[in-house]
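**Q** here is the input, now give the coordinates:
(one chain, ligands or ions: 1)
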Amino acid sequence: YVSQPRDQEGTCQKTTVAILGAGISGISAAQTLSKASVDDFLILEYRDRIGGRAWHENFGQDKDGNPYVVEMGANWVQGLGNPGGPENPIWTLAKEFGLQTTYSNYSNISTYNQDGYKDYSHLLDEFDEAYDIANLAAGKILVENLQDQTAKAGLALAGWKPKSHDSKAQAVDWWMWDFEASFTPLESSLVFGMASDNLTSNQFSDHDNFVTDQRGFNTIIKGMASKFLTEDDPRLLLNTKVTNITYGPEGVTVYSSDGNCVQAAYAICTFSLGVLQNDVVTFTPELPEWKKTAVHMFTMGTYTKIFMQFNETFWPTDTQYFLYADPATRGYYPLFQSLSMDGFHPESNIIFVTVTDELAQRAERQSDEETKQEIVEVLRKMFPDVEVPEPTAFLYPRWNTEPWSYGSYSNWPMGTTLEMHENLRANVDRLWFSGEATSPSYFGFLHGAWFEGRDAGRRIAGLLNGCKEGNSTTCVPRKHYEVLHGTSPLADYSSVNGWEVSSFYDSNDD
Ligand SMILES: Cc1cc2nc3c(=O)[nH]c(=O)nc-3n(C[C@H](O)[C@H](O)[C@H](O)COP(=O)(O)OP(=O)(O)OC[C@H]3O[C@@H](n4cnc5c(N)ncnc54)[C@H](O)[C@@H]3O)c2cc1C
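**A** Now for the predicted structure:
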């Protein structure tokens with residue numbers, strides 16, 4: 001389509017668009033290009049599979065000795081959609097590919113502390129009341145272009161002030177905020193934390209479905225890919241670790257650790273924010289200051305699920321969630337989730353506990369054995385009347401040591417602005433960026449990554465096809481700011497900047 005640069009040796013494989021990463025964003029970008037008749041692309045992927053952070057593993061065994069499949073990464077379709085309203089594209093795909101899911105009932109929760117079951121569920125209602133007030137305050141800040149606050153400050157001003165020594169309130173605080181954001185309210189922006197929740201749970205719906213499909217969550221991503229890639233399609237280069245991206249106004253050359261290179265007219269980099277922050281890939285020339293600043297202004301969280309199988313289900317089989325308030329440490333193995341119940345994996349005797357942020361990183365640094373013993377001790381406190389046995393199977397990922405991810409998903413700390421985010425999202429010459437973190441409205445979610453891949457694909461297809469449609473939003477490079485201006489006026493929150501607030505998903509548009 002477009003004349004491409006030459007490498008010095010003339011040995012690089014040539015393509016029109018190099019798509020870096022085969023997670024949902026990369027596959028969504030490739031699908032969009034393919035629909036726009038841009039079929040000359042290559043997808044370069046570090047791992048031996050597509051799906052990225054939609055990553056599952058075999059775990060434990062059923063009565064016949066066959067392993068279960070559990071999700072290390074994304075597990076919920078979050079915000080399905082209301083009848084007649086917009087539908088979450090992930091839910092559309094889940095239905096299309098028959099993904100097995102179960103409604104996640106967050107109200108089905110029992111509360112515990114070091115002395116066993118203790119009902120402190122009234123604190124959940126207290127948090128909810130404050131949350132609604134803080135949410136309104138966040139909306140006012142955004143609309144009137146005022147100074148942001150930490151979510152902690154916003155919640156405190158709305159009446160939710162958990163004392164540091166009140167372990168029950170701290171457990172509730174963790175469950176109601178960190179469980180989603182994977183950061184504390186102190187580490188999170190009030191405005192963008194609230195906006196993120198609103199845009200997903202109010203625009204789509206507040207229904208989340210937990211994926212139990214034994215083919216894995218990435219079934220939907222493989223399903224998308226099967227629409228435009230053949231089996232063993234030469235355009236999908238698995239086991240290809242990108243080490244350098246050389247970009248300019250004429251094109252992009254991508255080098256990989258196997259000594260190969262790909263020359264493209266355009267490239268779309270979908271690597272996680274963690275990968276960008278950890279210098280896994282070098283850029284030639286170095287990324288400009290405005291881009292580097294954006295990469296380091298946003299934060300990459302750690303959200304770790306630790307799976308255990310026992311030889312019996314010693315916990316109540318009618319409860320989905322078990323919240324534990326540790327007397328000493330906030331976030332210490334705070335939330336257990338049973339899979340051994342109807343709709344999940346009945347009689348599997350599997351339960352998992354989620355840790356986030358510093359406590360997740362701590363668990364990552366520990367041996368499996370150390371972590372296992374700590375959790376068993378917690379379970380013995382929660383269920384003092386039961387002989388809690390040793391787990392028969394035990395597994396957890398270490399997201400910060402996965403060189404293709406470096407963390408779980410991104411967050412907006414206090415002080416981040418839409419302009420900063422536009423800089424994270426903006427292209428640098430012919431190198432474009434996409435992925436979960438480049439979505440301002442749905443960061444941290446699969447659907448954010450999907451929308452972003454579609455947007456990058458559309459814009460590049462528009463540029464390649466000479467912008468015939470004359471569509472001003474799809475045919476312009478993304479805007480960036482050499483100098484940041486503090487806050488952003490309401491008018492800047494538009495779909496051009498990825499702010500999909502008023503955009504309805506068109507189910508006829510795949
Ligand atoms: C623990 C956890 C729980 C989550 N829970 C949910 C959830 O319940 N619901 C939800 O909607 N979202 C959830 N998410 C977020 C969701 O998984 C992500 O938003 C989404 O998968 C990101 O897709 P992506 O395409 O942007 O990035 P990725 O999936 O990370 O894709 C990027 C691809 O680039 C590849 N890559 C990286 N570096 C290189 C390199 N140097 N060379 C070549 N290839 C490279 C990677 O291998 C990867 O395949 C969760 C994430 C995690 C980690």
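
**Q** how about the strands in the stretch 101-250 of the chain?
**A** Applying DSSP state E, counting those that start in this stretch to the stretch 101-250 of the chain gives strands spanning 101-103, 109-113, 116-117, 208-211, 236-237, 242-247.

**Q** CA atoms only for the last one, dumped as PDB, please.
**A** Presented in PDB, the C-alpha positions along strand 242-247 are these (Å, rounded to 0.1, in the frame of the first residue of the first chain):
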ATOM      1  CA  VAL A 242      10.600  -8.100  20.000                       C
ATOM      2  CA  THR A 243      13.800  -6.400  21.300                       C
ATOM      3  CA  ASN A 244      14.000  -3.200  19.400                       C
ATOM      4  CA  ILE A 245      11.600  -0.900  17.500                       C
ATOM      5  CA  THR A 246      13.100   1.500  15.100                       C
ATOM      6  CA  TYR A 247      10.600   4.100  14.000                       C
END
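
**Q** now the end-to-end length of stretch 17-36.
**A** Using Cα to Cα, to the nearest Å, one end of stretch 17-36 lies 13 Å from the other.

**Q** repeat for stretch 112-130
**A** Span of stretch 112-130 from end to end, Cα to Cα: 23 Å.

**Q** so what touches it?
**A** Identification of contacts with stretch 112-130 by Cβ atoms under 8 Å, 6 or more residues apart in numbering yields 109-111, 155, 158-160, 167-169, 171-173, 175-176, 322-327, 381-385. No exception for glycine: its C-beta is placed from N, CA and C like everyone else's.

**Q** for this structure, what lies in contact range of the ligand?
**A** Contact residues (Cβ under 6 Å from any ligand atom) of the chain with the ligand: 20-26, 44-47, 52-54, 73-76, 78, 240-242, 270-272, 275, 280-281, 303, 399, 404-405, 408-409, 435-436, 444-446, 449.

**Q** in helices, which of the residues you listed fall?
**A** Secondary structure assignment by DSSP state H places Ile24, Ser25, Gly26, Val275, Leu446, Ala449 of the residues of the chain next to the ligand in helices.

**Q** farthest pair in these?
**A** Val275 and Leu446 (17.5 Å; Cβ to Cβ).

**Q** give me the more crowded residue out of these two.
**A** Per other Cβ atoms under 10 Å, whichever of Val275 and Leu446 has more neighbours is Leu446, with 29 against 24.

**Q** residues contacting the more buried one?
**A** Here Leu446 is in contact with Ile24, Ala54, Ala74, Val77, Gln78, Ile90, Glu436 (Cβ under 8 Å, 6+ apart).

**Q** and the residue of the stretch 151-300 of the chain nearest the ligand?
**A** Val242 (3.5 Å; Cβ to the nearest ligand atom).

**Q** next, count neighbours for that residue.
**A** 26.

**Q** re the thing from before, show me which pair in the contacts of Leu446 is furthest apart.
**A** Val77 and Glu436 (14.8 Å).

**Q** can you tell me, leaving aside adjacent residues, what's nearest to the residue sitting nearest the centre point of the chain?
**A** Centroid-nearest residue in the chain: Gly444, 3.3 Å away (criterion: Cα atoms, centre = their mean). Excluding its sequence neighbours, the residue lying closest to Gly444 (Cβ to Cβ, 6 or more residues apart in numbering) is Tyr409, at 4.2 Å.

**Q** from Glu289, how far out is that neighbour?
**A** Per Cβ to Cβ, to the nearest Å, Tyr409 is found 25 Å from Glu289.

**Q** kindly report the same for Tyr117.
**A** For Tyr117, the distance to Glu289 - Cβ to Cβ - is 54 Å.

**Q** which one's more surrounded, the two?
**A** Applying other Cβ under 10 Å to Tyr117 and Glu289 shows that Tyr117 carries more neighbours, namely 14 against 10.

**Q** so what's the more buried one bridging to?
**A** Tyr112 (DSSP bridges).

**Q** gap between it and Pro316?
**A** Distance of Tyr117 to Pro316, given as Cβ to Cβ: 9 Å.

**Q** again with Phe192
**A** 37 Å.

**Q** out of these two, which sits in the more crowded spot?
**A** Phe192 (26 against 13).

**Q** ok, how many other residues are close to the closest residue in space to that one that isn't next to it in sequence?
**A** Nearest residue to Phe192 in three dimensions, chain neighbours excluded: Trp412, at 3.9 Å (Cβ to Cβ, 6+ apart). Other residues lying near Trp412 total 29 when counted by other Cβ under 10 Å.

**Q** what separates Trp412 from the ligand, distance-wise?
**A** From Trp412 across to the ligand, the span is 14 Å (Cβ to the nearest ligand atom, to the nearest Å).

**Q** contacts only, for that residue.
**A** Counting by Cβ under 8 Å, 6+ apart, Trp412 makes contact with Ser188, Ser189, Phe192, Gly193, Ser196, Phe298, Thr299, His421, Phe443.

**Q** quick one: residues contacting the closest residue to the fourth one other than its chain neighbours.
**A** What sits nearest to Gly193 in space, not counting adjacent residues and going by Cβ to Cβ, 6+ apart, is Ala151, at 4.8 Å. For Ala151, the contacting residues are Ala134, Trp177, Ala181, Pro185, Leu186, Ser188, Ser189, Leu190, Gly193, Met194, Met414, by Cβ under 8 Å, 6+ apart.

**Q** any low-confidence regions in the stretch 351-500 of the chain?
**A** Applying pLDDT under 70 to the stretch 351-500 of the chain flags the ranges 468-475, 500.

**Q** quick one: the helices in it?
**A** Assigned by DSSP state H, counting those that start in this stretch, the stretch 351-500 of the chain shows helices spanning 357-365, 368-382, 418-425, 446-464.

**Q** now swap in the stretch 51-200 of the chain and tell me
**A** Along the stretch 51-200 of the chain, counting by DSSP H, counting those that start in this stretch, helices occupy 89-96, 122-143, 151-157, 167-173, 179-181, 190-197.

**Q** need the contact partners of the fifth one.
**A** Outside helix 179-181, the residues that touch it by Cβ under 8 Å, 6+ apart are Ala151, Glu187, Ser188, Gly193, Asp197, Gly301, Leu335, Thr354, Thr356, Asn411, Gly444.

**Q** quick one, what contacts the residue nearest to the centre of the chain?
**A** Gly444 is in contact with Glu180, Ala181, Ser182, Ser196, Gly301, Tyr409, Ser410, Asn411, Glu436, counting by Cβ under 8 Å, 6+ apart.
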